[in-house]
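>>> Structural data only, the sequence is not supplied:
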């Protein structure tokens, strides 16, 4: 049984079908990438899985348990955490407090939550910022903080929504290493990403979405050769680069 | 730096610090703030030895009460970010509960004041449930509170049993511990300081707990908090219920001291600003010492303005007081505490680097 099973989820906004009959799985400890052109429905799918939208049809299972329509905090308690594409740090409180909010997901004790948060902050290489308020952090650190908070909730899977956007190439390489380290803790990852280099480096499997539907699924080397994917998505990148 | 190295350094640090509790306290900003609050409480507790005038004693007692009510608003609005603008509703309800129980049913204030907390907390709970049900947030939540205050003012004026528009008085004029009635001001001051001490400690414990961190997370970003496992509906309800119940207790004490309450006086937005909102805003909303430090500036300044400017045009004292509040909102959004936090952090860093040498 897969860790995360997405079965035929569909979401429409008024007359617009944002995601239609989307199916895919994520196994324990696996990294799955989700790609597709802008407006393909990646973030909508993400929001349905994490409990921010309720799908109109279909089901999402986490560890065999139906989580469709649960609130995001219930889903988080069951072991699925997410980050936001536009970072949402708790600005006026310290980095430590930010991560402690995540850590309290599994404990009620201040001491335990603080120890857990400090361990995660250390793991993410943010020790020097522990007492700083999140308001002053540069974007790369905010992205790290997003991951740190999600990690502190002790999840089985993290949904990473474009963690690379807005980063410089060197920061991107660091973040790739970091994401790999997170995965090595046995945590499965579902990445939504625009930067193909990142997806190719990290994902064991890729799901391609186009017009709200799954266009293709497979290993990265299969995906880059897939005719339909090249026409719909990768091809566009080449033409725009040529212009 | 690897884990072992870090642990070794930590343990050295802890060892050094363990020898000096004062240094320990100094390194924890929350505890520094609590120490400041305790200092203020002690100084105010000694004031009857110096202050003779009942007028000044009265200002001190009201300062203590405003600090306490400020704390209760700070929990709702400062920690959890719920814009309960008409917070005085709950002070008023607590006051009415206490005095009606005493005057009409001969229930001692020692029981009546906690019961005032219960009725206020129940109404606060209802407000939280209703606003959650209809998704009223931020400014709409604030408007709901203002509307409720207006409704309660009209409603309370119509009910003869609780005094109607004329209000309700304490009839007993004498000294009785059971009726919490005293001929001098000092006992009221000590009762008020006891309440303030309990309120400050409660605020500190809430702030440092899981619940407190969840309140802050909701204030900062509700949906991000939800994604990290915070049941936002539950914790918003908790914040509002706790804050309003504590405000009700303050109201009970208020009416025992001023001996009178009427609907236009207590369900009053202007007085609401002075009694509940001003102290945390001046002192630093969302901080631990804010309400207390704010109150010792707020009440005396409001009172002095009234004294100095009473000979001028009617209302001129309110203009000056209003300008004073606007100054704080505009130029010191983090209040007095925000002002001292900066130099404190610098001092703390210097101390830490000295320790590590």
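Done, it's in. What you are looking at is a predicted structure, and each value in this text was computed from that prediction instead of being measured.

>>> Would you mark the buried spots in the host helix or strand of residue B:304?
Following DSSP states H and E, one finds residue B:304 within helix B:290-309. Within helix B:290-309, the residues that count as buried by 16 or more other C-beta atoms under 10 Å in any protein chain shown are B:290-299, B:301-303, B:305, B:309. Yep, even glycine has a C-beta here, placed from its N, CA and C like the rest.

>>> With stretch B:267-285 instead?
Of the residues in stretch B:267-285, those buried (16+ other C-beta under 10 Å) are B:267-268, B:272-285.

>>> That one and chain A, are they touching?
No - counting by C-beta under 8 Å from any C-beta of the partner chain, chain A is not contacted by stretch B:267-285; separation bottoms out at 10.3 Å.

>>> hang on, the earlier thing: show me which of the buried residues of helix B:290-309 is closest to chain A.
residue B:290 (13.3 Å; C-beta to the nearest C-beta).

>>> and the longest helix belonging to chain B, is it in reach of chain A?
Longest among the helix segments of chain B by residue count, using DSSP state H, is helix B:232-258. Yes - residues of helix B:232-258 contacting chain A under C-beta under 8 Å from any C-beta: residue B:232.

>>> Could you list the low-confidence segments of chain A?
Chain A contains residues with pLDDT under 70 at A:235-243.

>>> residue boundaries of the strands in it?
Counting by DSSP state E, chain A has strands at residues A:4-13, A:16-26, A:31-35, A:57-62, A:65-66, A:80-82, A:157-161, A:188-192, A:205-210, A:213-218.

>>> Relative to chain B, which of those strands is closest?
strand A:80-82 (5.3 Å).

>>> Please name every helix or strand in contact with that closest one.
Here strand A:80-82 touches helix A:139-152, strand A:157-161, going by 3 or more C-beta pairs under 8 Å, 6 or more residues apart in numbering or on different chains; DSSP states H and E.

>>> Look up how far residue B:153 lies from the closest residue to residue B:145 other than its chain neighbours.
Counting by C-beta to C-beta, 6 or more residues apart in numbering or on different chains, the nearest residue to residue B:145 once its immediate chain neighbours are dropped is residue B:86, at 3.7 Å. Distance, residue B:86 to residue B:153, by C-beta to C-beta, to the nearest Å: 10 Å.

>>> Those two: who's more crowded?
Between residue B:86 and residue B:153, residue B:86 has the larger neighbour count (other C-beta atoms under 10 Å in any protein chain shown), namely 25 against 20.

>>> Following the chain onward from the helix holding residue B:304, which element is next?
Assigned by DSSP H and E, the successor of helix B:290-309 is helix B:316-331.

>>> Check the secondary structure at the nearest residue to residue B:146 once chain neighbours are set aside for me.
Once flanking residues are discounted, residue B:146 sits nearest to residue B:86: 5.0 Å by C-beta to C-beta, 6+ apart. What DSSP: H, G, I helix; E, B strand; the rest coil gives for residue B:86 is coil.

>>> phi, psi of residue B:86?
When quoted as degrees, to the nearest 10, the phi and psi of residue B:86 stand at phi -90, psi 50.

>>> isn't it right next to residue B:151, touching?
No - Residue B:86 lies out of contact with residue B:151 (C-beta atoms under 8 Å); the separation is 10.5 Å.

>>> ok, residues contacting the helix holding residue B:304?
Outside helix B:290-309, the residues within contact range by C-beta atoms under 8 Å, 6 or more residues apart in numbering or on different chains are B:36-37, B:40-41, B:59, B:62-64, B:66-68, B:70-71, B:73-74, B:78, B:196, B:200, B:203, B:274, B:278-284, B:316-317, B:320-321, B:324, B:335-337.

>>> again with stretch B:145-164
By C-beta under 8 Å, 6+ apart, stretch B:145-164 touches B:83-89, B:92-93, B:96, B:100, B:104, B:127, B:165, B:168-169, B:261-264, B:267-269, B:272.

>>> mind running it again at 6 Å?
Stretch B:145-164 has contacts (C-beta atoms under 6 Å, 6 or more residues apart in numbering or on different chains) with B:84-86, B:89, B:100, B:165, B:168, B:263, B:267.

>>> Can you select the buried ones among these for me in ChimeraX?
Selection of buried members from the contacts of stretch B:145-164 for ChimeraX, criterion 16+ other C-beta under 10 Å:
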select /B:84,85,86,89,100,168,263,267
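
>>> For the contacts of stretch B:145-164, give me CSV that also has pLDDT.
Shown next, in CSV, are the contacts of stretch B:145-164 (pLDDT from 0 to 100):
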residue, pLDDT
B:84, 94
B:85, 92
B:86, 95
B:89, 97
B:100, 97
B:165, 91
B:168, 96
B:263, 96
B:267, 96
